[in-house]
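> Coordinates for the following, if possible.
(one chain, ligands or ions: 2)
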Amino acid sequence: MRKDKNIWQEIGDDEKVEVFRFCDDYIDFLSECKTERECVEYMEELARENGFKSLDAYIKGGQRLTKGDKVLVNYRNKVLMLFIIGERGLEEGLNIVGSHIDAPRIDLKPSPLYEDEGMVLLKTHYYGGIKKYQWTAIPLAIHGVIIDGKGEKIEVVLGEDPDDAVFTITDLLPHLAKEQSEKKISEAITGEGLNILFGSIPEKNADDKEKDKNQVKMEILRLLKEKYHVEEEDFISAELTAVPAGRARDVGLDRSMLGGYGQDDRVCAYTSFRALLDLGVPEKTCAAIFVDKEEVGSMGNTGMQSRTLENILAEILNLVEEGGVELKLRRSMANSKVLSADVTTAIDPNFEGTHDKRNACRLGNGVAISKYGGSKGKSNSSDASAEFISQVRNVFNSNNVVWQSGELGKVDLGGGGTIAQFLANYGMEVLDCGVPLLSMHAPFEVASKADIYMTYRAYRAFYTDMK
Ligand code: MN
Ligand code: MN
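Numbers count the residues shown, from 1 in each chain. Ligands and ions are numbered 1, 2, ... in the order given. Modelled structure (predicted):
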């Protein structure tokens, strides 16, 4: 019987230094990248510095792809896919680590601006599974893009610089919250109640006739135009989102943990990204894919349910091998092996009874594998085969990766899914494998630094040694 190990007790002083150094880099990434677009931009730049060239450049230049070549695809600025061509043929399949770079957040509605009681607020529609009460009375930043009427892109990051103003969603004072506090937690704050405080100075020279006419909104519109060249109609063609303001931080007196917004799933994105960057020429072609829209069901052209991966692989095959791409593509996909890199939960001492302790993950006990997810009798779950888990286990053990196995929580208590099932639809072998978190989907999610580093090592071992 495998005994769970605590990483801190397993590693030497040198590796402990490595853990902290790795997590310092990760903190920068997590602090700077709070939307999928920002993640793509950050990772693409670093990938190019590390020798990756865009697939388009290969196609347009009429260049073939051979072993050791590093290819990147930026798809609509929301999906990034990186490939390193391996020694063996693509028909033998790829080793893929797939994660998502979207995270729960508060999106602005297409017509967000309104004035009420001398204040301007922004209407929102939240994205993904949030506990709404957690998003009130905290400083928020606004990130995103506005595409104006001429197609010009305005990139927005407001509230991250210490000198910037921040935004917030107000909550009711406890003194008047008798009715609110008797409501169910899911109803105490409503979706339509998540309106963001945006301004309160009225227009100065409004004459008497104009006095009732949204003077604060007029003033905000003037400011938007003057400082940012933005018109009210521009919000229609924008993707703006409110996220927790400020940087990710060390947590704990011993600085053993790390807290910040969006670790689901940017912790697995970053660790798999670094694992691929640090790879030489692999035996099998390796890929790190970072997709969007996982938190809302992997829908749309940037979600894992789209044909994007398939289309890109067809292009790559066409540059590696001559002819017969269609059949080879099918074989390549069916023979691929995947770690669906997503976070899971760790046991939380504040919430006893949510886990079966014999099948739960613990903070600091290593990268977590989950044979299946889903809810209520494994519904909507991709169940990894025993054969594949044996191979993964073997790779981890021979690389001294500290790992653990756990379910998300108790049977019938809830559940969740990942992109695993959509990759499995191609016939790929897929196993969920990632970092255990506390406070998942909250504005401040916590992970163990040791688990983060061990997850990086796990993905690296998978790239190099998975047959
Ligand atoms: Mn996730
Ligand atoms: Mn999630």
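> all contacts plus neighbour counts: C-alpha atoms, from now on.
Will do.
> Could you list every helix and strand in contact with the longest helix along the chain?
Secondary structure of the chain per DSSP state H: the longest helix is helix 13-32. Where contact means 3 or more CA pairs under 8 Å, 6 or more residues apart in numbering; DSSP states H and E, helix 13-32 is packed against strand 257-260, helix 263-277, helix 449-465.
> ok, 7 Å please
Applying 3 or more CA pairs under 7 Å, 6 or more residues apart in numbering; DSSP states H and E, we find helix 13-32 packed against helix 449-465.
> quick one, helices of the stretch 101-250 of the chain?
178-182, 215-228 (DSSP state H, counting those that start in this stretch).
> Could you single out the most deeply buried of those helices?
Greatest average neighbour count among the helices of the stretch 101-250 of the chain goes to helix 215-228 (a mean of 17), per mean count of other CA atoms under 10 Å.
> helices or strands up against that one?
Secondary-structure packing of helix 215-228 (3+ CA pairs under 7 Å, 6+ apart): strand 105-116, strand 119-127.
> Just send these back as CSV, with mean pLDDT and distance to ligand 1 too.
Below are these laid out as CSV (pLDDT from 0 to 100; distance: least, CA to the ion, whole Å):
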stretch, mean pLDDT, distance to ligand 1
strand 105-116, 98, 13
strand 119-127, 98, 13
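> May I see those strands organised as TSV, with distance to Arg358 and mean neighbour count added?
Converted to TSV, these look like this (distance: least, CA to CA, whole Å; neighbours: other CA atoms under 10 Å):
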stretch	distance to Arg358	mean neighbour count
strand 105-116	33	19
strand 119-127	33	20
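> export those to JSON lines and tack on distance to Leu317?
As requested, those are exported to JSON lines (distance: least, CA to CA, whole Å):
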{"stretch": "strand 105-116", "distance to Leu317": "37"}
{"stretch": "strand 119-127", "distance to Leu317": "36"}
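> Nearest to Pro202, out of these?
Between Pro202 and those, the shortest gap by CA to CA is with strand 119-127, which sits at 8.6 Å.
> distance between the next helix or strand after the longest helix of the chain and the chain's centre?
Once the chain leaves helix 13-32, the next helix or strand it forms, by DSSP states H and E, is helix 36-49. Between the centre of helix 36-49 and the centre of its chain there are 13 Å (CA atoms, centre = their mean, to the nearest Å).
> what does stretch 11-23 give?
Between the centre of stretch 11-23 and the centre of its chain there are 24 Å (CA atoms, centre = their mean).
> What residues of that stretch count as buried?
Within stretch 11-23, the residues scored as buried using 16 or more other CA atoms under 10 Å are 16, 19-20, 22-23.
> Output the set of residues of the stretch 151-300 of the chain in proximity to ligand 1.
Contact residues, the stretch 151-300 of the chain versus ligand 1 (CA under 5 Å from the ion): 264-265.
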